[in-house]
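Engineer: Generate coordinates for the sequence data below:
(one chain, ligands or ions: 1)
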Amino acid sequence: MRTSLIFLITMSLINALTAQNSEKNEFISALMSEMTLDEKIGQMNQYTGFYDPTGPIPTDGDAKTKYDHIKKGMVGSVLNVRGTKDVRALQEIAVTQSRLGIPLIFGFDVIHGYKTIMPIPLAEAASWDLESIEMSARIAADEATASGLNWTFAPMMDVGRDPRWGRVMEGAGEDPYLGSLIAEARVRGFQGTDMSEENTMAACAKHFAAYGFAESGRDYNTTDIGLSTLHNIVLPPFKAAAEAGVATFMNSFNELNGIPATGDIFLQRSILKGKWNFQGFVVSDWGSIGEMIPHGFAEDGAQAAEIAVNAGSDMDMESHLYIHQLNKLVQSGTVDLSVIDEAVKRILGVKYDLGLFHDPYKYCNEEREAEVLNNTSSMAQSLDIARKSIVLLKNKNDILPLKKSGNHIAVIGALGNDKNSPLGSWRFGSVDNSAVSVVEGMSQYQYNNLSYEEGIALVNGETSFANELDINTSDRTGLKEAVELAGKADYVVMVLGEHGYQSGEGRSRTDIGLPGLQQELLEKVFEVNSNIILVLMNGRPLTLEWADQNIPAIVETWHLGSQSGTAIAEVLYGDYNPSGKLTMTFPRNVGQIPIYYNCKNTGRPGPQSQVFWSHYTDQTNDPLYVFGHGLSYTTFEYQNLNIEVDGNTVIAKVTVKNSGNRSGEEVIQLYIHDKVASVTRPIKELKGFSKVSFSQGETKVIEFVLSEKELGFYNNEGDYVVEPGAFELIVGEARKVN
Ligand code: GLC
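Structural biologist: Coordinates of the predicted model:
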């Protein structure tokens, strides 16, 4: 009886979905049969709005041109236009003045929050809290859709191993397993269970693919990687996003092994639309179609458009080539009409799924906009995930947490009073200078004597998103006052690191130490007071050897968003026990880069008694802080790892005890090492984790189940294989090496 009931329910769901799909296909086929070639090409054209450029603005086209093109049905999407008033204004032109009234889809970079800014994605990843990460994206979607938007260019899921690259702040770090789970969580958060709801939006898996492997960490630089890295490290998060139902993909600026991603048939057609059966559409990254000319892959705009559309790039963001070249290419027979039809079908499909044909103004509700964007309840989520994203890197002699009374605490550093940098570099939907600063956060604890000195300016003059920052490397005004204050204080909280615009797109650095004169400030203060708590505010791993050797406490707080200062204060005063773990390795120096935990053993592992093994003569192989590292105010003991093998399933159990004197959360991590395989495997691969709360003294048994899904790998042909053999299982907190 039960089985047939489940069967009936399942069948009716399948029938309903099938019926829904056939309705969608019928609607789209009927609409496309009405469309001229120019109107089809119009759907493949995306213009930026009239402000907030996030890329080099092309010389031609202006607000008036775009209005005219919208009227003529020559625009399918607009990015960087937001606010119900402005969105409605453009939508009305498309819907009421163009011949077929096809609605526009409005895209925007809702990367880590919209009005309420959440921690940067690299920080959120350090929470290892998938539910919280999903909730963060859900709130971002709620706010962005209230502001007229229905498409976000997120989640970014580029695996990054090179902290010189400014965009590591935007991803989930160096591990594909964790990156895949986080990508899925963010897609769920943005898209919800029904994209036609008024508070859900289309997500976008980006940047497809291998953008994070830009040589020497220089943004937009050449990417040249092996097939094993491509299949086992780069692609898994994208596959996970596709399987999670992400509505769109965005390709990447880089060439991959000689082929610009925008023109890469292997990536976009063989893998994405073929093997993975992706049904959504691919948007090019800003101008990347035209950039195939400087790449040396296309002679001119016409050839660039031809290559891109044949390679599966369905929509052209801001190169203006599809709108100017595709009609001629089809008329001349260079591009087959079927290629255009396939792209347009995909684009119309996403608009249909968003419900835009049913109600093109569903995201233009001014009352909802006012209500949602002024609702401060989202600040609670921003604070919650900010706390969880903080990583305690060092805490010698338990100097932390600070006592809440009876101390004179000096806060020193330009970032200590900075309300802008905590918002990170992708925060255009929010209000500048709206974050809670560290000084404001700590001032909420009134029973200490709190003083502040900037010490040294981090930047000279004004800062803006699009310009190079002028980092202060000469003006020592304020240094004397800061050192004097430090000499009188019981403790010094030094807030140092990177300005919010020192990471993100176009912000690669060759020296990833503390920028400007901050290291000098730190050392001068240390001379008069060694009771220093170093609070780092940064968008990438930094090189911190001197600090690690000398400073008793180091707290990694990234750029934590709107509630930054409150979260930091709660951790420093112990109201929240830090639980974050690094998802990206911290090198000792730039010379070690790329350095990552899931590396290979090589044929000459060490250490060995002579020089002929894989090592440096001037530096250890070990990083400063390993992937998965993060301390707590309590301690955890791991015992009794027990393994059972049942066919192709491995069940691992480990006993974990909170052996310290307060409650806390621990991220128990399970790694495997496939000792011998037909393609060499990393010495460690994360294949399971569990974030668990423990009361003081509590012991729990944590269980992991490993199936073929976790025990296999992709061979160089891109086939997933599971091979028999010996595996090592490693469970336990990642410790700082040596
Ligand atoms: C930028 C970025 C991309 C972003 C797009 C639109 O250049 O590379 O991540 O979504 O343009 O702003």
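Engineer: For the ligand, what's the nearest residue on the stretch 151-300 of the chain?
Structural biologist: Taking Cβ to the nearest ligand atom as the measure, the stretch 151-300 of the chain has Phe153 as its residue closest to the ligand, at 3.3 Å. To be clear about C-beta, it is placed using only N, CA and C from the backbone, and glycine gets the same treatment.
Engineer: looking at it, that residue is touching Ile105, isn't it?
Structural biologist: No - contact criterion Cβ atoms under 8 Å: Phe153 and Ile105 do not qualify, at 11.8 Å.
Engineer: which residues are common contacts for those two?
Structural biologist: By Cβ atoms under 8 Å, 6 or more residues apart in numbering, Phe153 and Ile105 have no common neighbours.
Engineer: Between those two, which is the more surrounded one?
Structural biologist: Neighbours were counted for Phe153 and for Ile105 using other Cβ atoms under 10 Å; Ile105 has more, 29 against 25.
Engineer: Isn't the more buried one up against Lys351?
Structural biologist: Yes - here Ile105 reaches Lys351: they are 5.6 Å apart, a contact under Cβ under 8 Å.
Engineer: Tell me who's in contact with Thr334.
Structural biologist: Applying Cβ under 8 Å, 6+ apart, we find Thr334 in contact with Glu306.
Engineer: Find me the pLDDT at it, would you?
Structural biologist: For Thr334, the model assigns a pLDDT of 98.
Engineer: Please apply the same query to the one 4 residues further on.
Structural biologist: Looking at Ser338, its pLDDT reads 98.
Engineer: Other residues contacting the helix or strand harbouring it?
Structural biologist: When elements are defined using DSSP states H and E, Ser338 is found to belong to helix 337-353. Applying Cβ under 8 Å, 6+ apart, the contact partners of helix 337-353 are 24, 27-28, 31-32, 35, 37, 40-41, 43-44, 76-77, 102-103, 105, 151, 195-196, 202, 247-248, 279-281, 309-310, 314-315, 326, 330, 357.
Engineer: now His673, nearest residue through space, not along the chain?
Structural biologist: Leaving aside its sequence neighbours, His673 sits nearest to Glu728 (Cβ to Cβ, 6 or more residues apart in numbering; 4.1 Å).
Engineer: residues near the one you found, how many?
Structural biologist: By the criterion of other Cβ under 10 Å, Glu728 has 11 neighbours.
Engineer: Ok, Gly461 next?
Structural biologist: 9.
Engineer: from what I can see it touches Asp470, true?
Structural biologist: Yes - counting by Cβ under 8 Å, Gly461 touches Asp470, with 5.7 Å between them.
Engineer: what's the following helix or strand after the longest helix along the chain?
Structural biologist: In terms of residue count, the longest helix belonging to the chain (DSSP state H) is helix 2-34. Counting by DSSP H and E, the next helix or strand C-terminal to helix 2-34 is helix 37-43.
Engineer: Please report how far the residue of the stretch 151-300 of the chain closest to the ligand lies from Ser284.
Structural biologist: Using Cβ to Cβ, to the nearest Å, Phe153 is found at 12 Å from Ser284.
Engineer: okay, and the common contacts of the two?
Structural biologist: Joint contacts of Phe153 and Ser284 (Cβ under 8 Å, 6+ apart) are Met250.
Engineer: Perfect, I'm done here.
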